[in-house]
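> give the three-dimensional model of this entry:
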Amino acid sequence: MKKIAQSICLISMMAASLTACKTSPVKPALPLPADIAPSTYVIPASQDLIMENNGLVKDINFRGFSSGSKNARDSLRFQKATENSFIVHRRIDNGMAGSGIRYLVNYEIKQENSGYSVTMKPSQSTAYQEGLIGKFDVPTFGPEELQNTIRKGSVFFKFEIDSQYSVDSVKANFKRLSKKAGRGNFITNRDREVPFEFKAVPYRDGSKVTMEVVIFASETSKNTFDFGVLEKEIKAKLTEIVKA
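Numbers count the residues shown, from 1 in each chain. Take a look at the predicted model:
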């Protein structure tokens with residue numbers, strides 16, 4: 001019995017070794033089309049910005065994920081490649097070996113007095129499978145899904161708004177006119193949820209409200225996501241709540 005257990009253990013170790021030792025490139029099921037459209041983010045020179053160039057691309061952040069079990073974990077990751085490019089990596093693995101697809105996204109930054117713009121365009125795709133046996137299929141993540149992903153970036157803002165009303169009245173307004181979201185709240189703008197956290201303190205004869213807001217990209221014109229426009233829209237909606 002002991003020898004059988006040792007043999008099973010040895011076979012398992014050999015299988016794991018074979019699974020992890022070889023990476024094979026594979027042809028992506030959906031290669032990048034030559035005419036794939038660029039995406040342009042416009043970021044205003046605003047005193048309300050929080051990040052100050054701590055995002056993946058200056059102030060712009062992207063949200064990945066990791067889900068599943070240790071035997072099959074699905075993930076989406078973003079990684080800086082060069083000063084003018086980043087990698088979007090979709091992968092499924094068991095902690096030792098896996099399969100995935102990577103896209104290289106090039107970007108160009110244009111600085112202006114009113115802020116800056118970032119134009120992003122996917123340029124390369126590579127897919128791979130690791131191991132010799134029991135390989136995972138390459139995750140389904142085509143050019144359209146890639147475009148949707150890089151068009152969901154977010155920028156953090158911080159607003160301060162004065163109100164003539166008391167702290168309790170302002171809190172009641174937020175409870176009545178926004179929705180609860182985890183530890184914070186959210187409103188909706190252009191069919192996108194806008195999560196925020198707020199703090200109200202007494203100020204003069206009323207109150208001062210500080211809000212940290214996550215603004216997700218919404219198309220303001222074709223292939224363009226202007227956060228100057230979005231900031232104004234969202235700040236106006238939050239001001240209405242504070243002063244309701």
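> can you classify Glu240 as helix, strand or coil?
State at Glu240, reduced to three classes by DSSP: H, G, I helix; E, B strand; the rest coil: helix.
> how far away is it from Ser85?
41 Å (CB to CB, to the nearest Å). For the C-beta atoms, the positions are set from N, CA and C on the backbone; glycine is no exception.
> quick check, Phe196 in contact with Val214.
Yes. Applying CB atoms under 8 Å, one finds Phe196 in contact with Val214, separated by 7.0 Å.
> which one's more surrounded, these two?
Each of Phe196 and Val214 has its neighbours counted (other CB atoms under 10 Å); Phe196 has more, 21 against 18.
> give the bridge partners for that one, please.
Asn185, Val213 (DSSP bridges).
> all the helices of the chain, residue numbers only.
2-21, 143-150, 167-177, 227-242 (DSSP state H).
> lowest-confidence stretch among the ones you listed?
Within the helices of the chain, the stretch with the lowest mean pLDDT is helix 2-21, showing a mean of 43.
> list the residues that contact Ile215.
Shown in contact with Ile215 (CB atoms under 8 Å, 6 or more residues apart in numbering): 154-157, 194, 227, 230-231, 234.
> reformat the residues you listed as TSV; add neighbour count and distance to Asn148.
Listed next are those as TSV, based on neighbours: other CB atoms under 10 Å; distance: CB to CB, whole Å:
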residue	neighbour count	distance to Asn148
Ser154	21	14
Val155	26	18
Phe156	17	21
Phe157	25	23
Val194	24	19
Phe227	26	18
Leu230	23	18
Glu231	20	23
Ile234	23	22
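> pick the one among those closest to Gly98.
Nearest to Gly98 among those: Ser154, at 27.4 Å, using CB to CB.
> got a list of what the closest residue to Asn223 other than its chain neighbours touches?
Of all residues not flanking Asn223 in the chain, Ala37 sits nearest, at 5.3 Å (CB to CB, 6 or more residues apart in numbering). Contact analysis of Ala37 by CB under 8 Å, 6+ apart lists 121, 147, 223.
> now swap in Val167 and tell me
200-202, 207.
> so Asn71 sits against Asn94, correct?
Yes. If you go by CB under 8 Å, Asn71 and Asn94 touch, sitting 5.3 Å apart.
> give me the more crowded residue out of the two.
More crowded of Asn71 and Asn94, by other CB under 10 Å: Asn94, with 19 against 8.
> among the contacts of Val167, which ones are in strands?
Judged by DSSP state E, the subset of those located in strands is 200-202, 207.
> circling back to that earlier point, between Glu240 and Ser85, which one's more packed in?
The neighbour comparison of Glu240 against Ser85 (other CB under 10 Å) goes to Ser85, with 17 against 12.
> what's the closest non-adjacent residue to that one?
Asn106 is the one closest to Ser85 (CB to CB, 6+ apart), at 4.8 Å.
> what is the burial count for the one you found?
Neighbours of Asn106 (other CB under 10 Å): 16.
> same deal with Pro44?
When neighbours are counted by other CB under 10 Å, Pro44 registers 19.
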